[in-house]
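Undergrad: Show me the folded form of this:
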Amino acid sequence: MFGDLNRATILTNSSLFVALIAVFSWISIPIPLPLFPVPVTLQTLAVLLAAAVMKRQAIIPVLLYLVLGALGLPVFHNGMAGLGVIIGPTGGYLIGFIPAVLAAGIAYEYSSREIRIAGLVLATAFIYLFGIVWLTLSTGMSTSAAALSGMIPFLPGDLIKGLAVYLIAARLETNPQWQISR
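TA: Residues are numbered from 1 along each chain as shown. The predicted structure is shown next:
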């Protein structure tokens, strides 16, 4: 690896984003509604930002994050850890990070604003799809009940997170002093 700037950059960015996803998963945003099975955290913001910065290679930190959490490191929402979180009712949302980061990462390989926005929307849809399907299967809820409790209340926040990712990524690209080497 000595002398290979590309590998060093991937390694550095991967460590940064694993840490960022983990830290952001600890940041819970209270919502003034009845309890929902999915906590509102900023980890999806970090996952989408990883995709915007690392493109399709963002799969690396997302997979590392999931493996570290499954192995027992307290990196999941509110310090939870273990395979039980992944196979529990909210695990589908975590597994949804995998296709989400690929969709957004591939979209960010293009310079088109529309493709990038579509990639962020598709990524969010993947997270919801996997989450709702798993919530339905693991709890016995109907699909509509799972969507009402595991998606609808979170749409405004995810819209804001998607916009934030788009703006942060655009800022990183236009300011050379903030640019992360690729």
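Undergrad: residues in contact with P61?
TA: P61 sits next to 13-18, 21, 50, 54 when contact means CB atoms under 8 Å, 6 or more residues apart in numbering. Every C-beta, even on glycine, is put in place using the N, C-alpha and C of the backbone.
Undergrad: cutoff 7 Å now
TA: Contacts for P61 (CB atoms under 7 Å, 6 or more residues apart in numbering) come out as 14, 17-18, 21, 50.
Undergrad: next one: G131
TA: With contacts defined as CB under 7 Å, 6+ apart, G131 is in contact with 38, 92-93, 96, 150.
Undergrad: now it, nearest residue through space, not along the chain?
TA: By the measure of CB to CB, 6 or more residues apart in numbering, the closest residue to G131 outside its immediate chain neighbours is Y93, 3.6 Å from it.
Undergrad: of all the contacts of G131, which comes closest to G157?
TA: Proximity of those to G157, judged by CB to CB, is greatest for V38, which lies at 11.0 Å.
Undergrad: Next one: that closest one, what pLDDT does it get?
TA: pLDDT, V38: 54.
Undergrad: from what I can see the residue nearest to G131 touches I127, true?
TA: Yes: using CB atoms under 7 Å, Y93 is in contact with I127, at 5.7 Å.
Undergrad: about what we covered before: E173: which of the contacts of G131 is nearest?
TA: Relative to E173, the closest of the contacts of G131 is G96; by CB to CB it sits at 26.2 Å.
Undergrad: Distance check, the closest one against R113.
TA: As judged by CB to CB, to the nearest Å, G96 and R113 stand 24 Å apart.
Undergrad: Comparing these two, which residue is more hemmed in?
TA: Residue environment comparison for G96 versus R113 gives the larger neighbour count to G96, 24 against 10, counting by other CB atoms under 10 Å.
Undergrad: which residues touch the more buried one?
TA: 126-127, 129-131.
Undergrad: Out of these, which is nearest to L159?
TA: Using CB to CB, I127 is the member of the contacts of G96 that lies nearest L159, at 13.2 Å.
Undergrad: what pLDDT, on average, does the helix or strand that contains A170 get?
TA: Counting by DSSP states H and E, the secondary-structure element that holds A170 is helix 155-174. Rounded to a whole number, the mean pLDDT of helix 155-174 is 93.
Undergrad: Show me what it is in contact with.
TA: Counting contacts by CB under 7 Å, 6+ apart, the residues touching helix 155-174 from outside are 29, 40, 44-45, 48-49, 52-53, 116-117, 120, 124, 178-180.
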